[in-house]
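> Here is my input, please return the structure:
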Amino acid sequence: MLLFILKEKYNLSLLALTFDNGFISPGAIKNIQNVVETLGIDHIIYKPRFDLLRKIFQKSINSEMYSQKTLQRASTICTSCTGLLKFVSLRIAIECSIPFIAYGWSPGQIPIEASIFKNNPSMIKSMQKVFVEPMRKAAGPGIEKYFLEEVHFTMEDRFPYNVSPLAFLEYNEKKILNQIENIGWNNRYLYAGYEVWPLIRC
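Model prediction:
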């Protein structure tokens, strides 16, 4: 639904990013392909090495890995996966000078006051440490390439805004289900894997 709103209502230039964590069903992939083709949106699928992901997921099952504060809103596995997705998106946005990353959080999933904010290097650097060290211990060397390098932190003018439009726009699940069916989404696969995350080029 977020892609539809950003493209059809606001006529934005979008690059859709699907983060493949190894558990996206064929039905979900088909849904994603149908939607981006119907809306005419560029799309990339980013699939990290599963041997690294498997080690992180296994470690997530057996230990919390992160502080209790970090785990307030999600499990250890979800926090690991979402953390990778956020930093992969951020790295792509910085390297491609993309000014906005749009997230599809619905009302209640994110505080309204956090629905629009500007990323900054010092904040992101401290957030990144929360994820990199535990993941390196779980998966070994190689995890760093999914996060920001020192050169990225020197590009402050390229750090994008995060926006979560569904947190403050009208939100009606029945209308959303009807609308996404009209753009090629099969609701049988609604919860089968990660959604597409738009990076707004402007």
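> The chain: helices as residue ranges?
Using DSSP state H, the helices assigned to the chain run over residues 2-4, 26-39, 50-62, 76-95, 121-139, 150-153, 173-182.
> low-scoring pLDDT stretches of the protein, where are they?
For the chain, residues meeting the criterion pLDDT under 70 lie at 188-202.
> okay, the helices of the chain, which one's buried deepest?
Compared across the helices of the chain, helix 2-4 shows the largest average neighbour count, a mean of 22 (mean count of other CB atoms under 10 Å). For glycine as for every other residue, the C-beta is placed from the backbone atoms N, C-alpha and C.
> thinking again about what came up before, can you put the helices of the chain in CSV and add distance to Leu12?
Listed next are the helices of the chain as CSV, based on distance: least, CB to CB, whole Å:
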stretch, distance to Leu12
helix 2-4, 10
helix 26-39, 11
helix 50-62, 31
helix 76-95, 14
helix 121-139, 23
helix 150-153, 24
helix 173-182, 17
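> Now do His66 against Leu3, distance only.
Check again: residue 66 is Tyr, not His. With distances taken as CB to CB, to the nearest Å, Tyr66 is found 30 Å from Leu3.
> likewise Asn178?
According to CB to CB, Asn178 stands 16 Å off from Leu3.
> now swap in Leu52 and tell me
Note on Leu52: its distance to Leu3, by CB to CB, is 28 Å.
> same check, this time on His43
Distance from His43 to Leu3, by CB to CB: 10 Å.
> Could you double-check that Ile44 lies in contact with Leu17?
Yes - counting by CB atoms under 8 Å, a contact exists between Ile44 and Leu17, whose distance comes to 5.8 Å.
> and the two? which has more neighbours close in?
In this view Ile44 and Leu17 are compared by other CB atoms under 10 Å, and Leu17 has more residues nearby, 21 against 14.
> residues contacting the closest residue to Gln109 other than its chain neighbours?
Closest residue to Gln109 apart from its sequence neighbours, by CB to CB, 6 or more residues apart in numbering: Ala167 at 7.5 Å. With contact set as CB atoms under 8 Å, 6 or more residues apart in numbering, Ala167 has these partners: Trp105, Ser106, Pro107, Gln109, Ile110, Ile112, Ser115.
> Kindly recompute the last result at 7 Å.
The neighbours of Ala167, taking CB atoms under 7 Å, 6 or more residues apart in numbering as the test, are Trp105, Pro107, Ile110, Ile112, Ser115.
> Quickly check the residues you listed for the two that are furthest apart.
The largest separation in those, counting by CB to CB, is between Trp105 and Ile112 at 10.4 Å.
> quick one: which of these two has more around it?
Set side by side, Trp105 and Ile112 give different neighbour counts by other CB under 10 Å, the larger being at Trp105 (17 against 11).
> so the more buried one makes contact with Ser164?
Yes - look at Trp105 against Ser164 with CB atoms under 7 Å: they come within range, at 4.5 Å.
> Would you mind measuring from Glu37 to Asn11?
Distance of Glu37 to Asn11, given as CB to CB: 18 Å.
> now Asn178
For Asn178, the distance to Asn11 under the criterion CB to CB works out to 22 Å.
> what do you get for Pro141?
Taking CB to CB as the criterion, Pro141 is separated from Asn11 by 44 Å.
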